[in-house]
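> Okay, sequence plus prediction incoming.
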Amino acid sequence: AKSFFNNAVEYYIFGKSYVTKLEKDANNNWECKVECTLQIWNLKQNQKVLEFKLSRTETAKTQSEATKKARINLGEQEMYNKLLYNL
């Protein structure tokens, strides 16, 4: 990544997310749990600044809606707050 950005980027955030649970609950709604692992690198210093895991569980009437809600809220709430308050 460092050579790709040609020293124009100081912090590089990357990782992956995956669905770890997708099943119906007692109320016949779909429950989806998404987990992620993110790493933050300072490319100018060539060192890892932070690595963390997060997860989010959401429910909805359909499988796709539960998955969509879990992924969106993982990024917009969990990741946002972690990055905002831990860098």
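Structure received.
> If we go by neighbour counts, what in stretch 74-81 is buried?
Within stretch 74-81, the residues scored as buried using 16 or more other C-beta atoms under 10 Å are 74, 78, 79. From N, CA and C alone the C-beta is placed, and that goes for glycine too.
> can you list contacts of that stretch?
17, 34, 36, 38, 54, 55, 56 (C-beta atoms under 8 Å, 6 or more residues apart in numbering).
> A helix includes residue 78, no?
Yes: using DSSP: H, G, I helix; E, B strand; the rest coil, the assignment for residue 78 is a helix.
> how close does it sit to residue 19?
15 Å (C-beta to C-beta, to the nearest Å).
> for residue 44, same thing?
Taken as C-beta to C-beta, the span from residue 44 to residue 19 is 35 Å.
> do residue 13 as well
Residue 13 is 21 Å from residue 19, where distance means C-beta to C-beta.
> just the helices in the chain please.
Along the chain, counting by DSSP state H, helices occupy 2-5, 63-73, 80-86.
> can you put the ones you listed in TSV and add distance to residue 49 and mean pLDDT?
Output for the helices of the chain, formatted as TSV (distance: least, C-beta to C-beta, whole Å; pLDDT from 0 to 100):
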stretch	distance to residue 49	mean pLDDT
helix 2-5	14	80
helix 63-73	24	97
helix 80-86	10	86
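> Among the contacts of stretch 74-81, find me the one that's closest to residue 8.
Nearest to residue 8 among these is residue 38, at 21.1 Å by C-beta to C-beta.
> For the nearest residue to residue 46 once chain neighbours are set aside, the count of nearby residues, please.
Nearest-residue entry for residue 46: residue 2, 6.9 Å, with adjacent residues in sequence omitted and distances by C-beta to C-beta, 6 or more residues apart in numbering. Residues lying near residue 2 (other C-beta atoms under 10 Å) number 12.
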